[in-house]
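Engineer: Sequence isn't available, so here's the structure alone:
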């Protein structure tokens, strides 16, 4: 399972930014860190590569999200599903 560390840049619109934080926090595969001004660190625990990519795209499409930076990705190489990973 890939675990992604992301830094979300929220919009300047306070109400949209709050809606985005609530939407992200409602997803069980997303752990939301402490917000600092317009930046929100999150960790995404994807089922597989495709799911991680879908989550990244979903996060970026949320109203209130201006940008998504990937800060880290950890692939569990000793996972039984590790052989399923295929580079895009």
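Structural biologist: On my side now, so go ahead. Remember, it's a predicted structure, so these values are computed and weren't measured experimentally.
Engineer: Residue 21: which element?
Structural biologist: helix 14-25 (DSSP states H and E).
Engineer: next one: that helix to chain centre, how far?
Structural biologist: Relative to its parent chain, helix 14-25 has a centroid offset of 14 Å by C-alpha atoms, centre = their mean, to the nearest Å.
Engineer: mind listing what's buried in that helix?
Structural biologist: Within helix 14-25, the residues scored as buried using 16 or more other C-beta atoms under 10 Å are 16, 17, 19, 20, 21, 23, 24. Quick note: C-beta positions are derived from backbone N, CA and C, even for glycine.
Engineer: what about the nearest residue to residue 3 once chain neighbours are set aside, distance to residue 46?
Structural biologist: Spatial nearest neighbour of residue 3, chain neighbours left out: residue 74 (4.7 Å); criterion: C-beta to C-beta, 6 or more residues apart in numbering. Residue 74 sits 11 Å away from residue 46, going by C-beta to C-beta, to the nearest Å.
Engineer: Looking at the two now, which is surrounded by more residues?
Structural biologist: Neighbours per residue (other C-beta atoms under 10 Å) separate residue 74 from residue 46, with residue 46 holding more: 18 against 12.
Engineer: circling back to that earlier point, other SSEs contacting the helix holding residue 21?
Structural biologist: strand 3-10, strand 30-32, strand 39-45 (3 or more C-beta pairs under 8 Å, 6 or more residues apart in numbering; DSSP states H and E).
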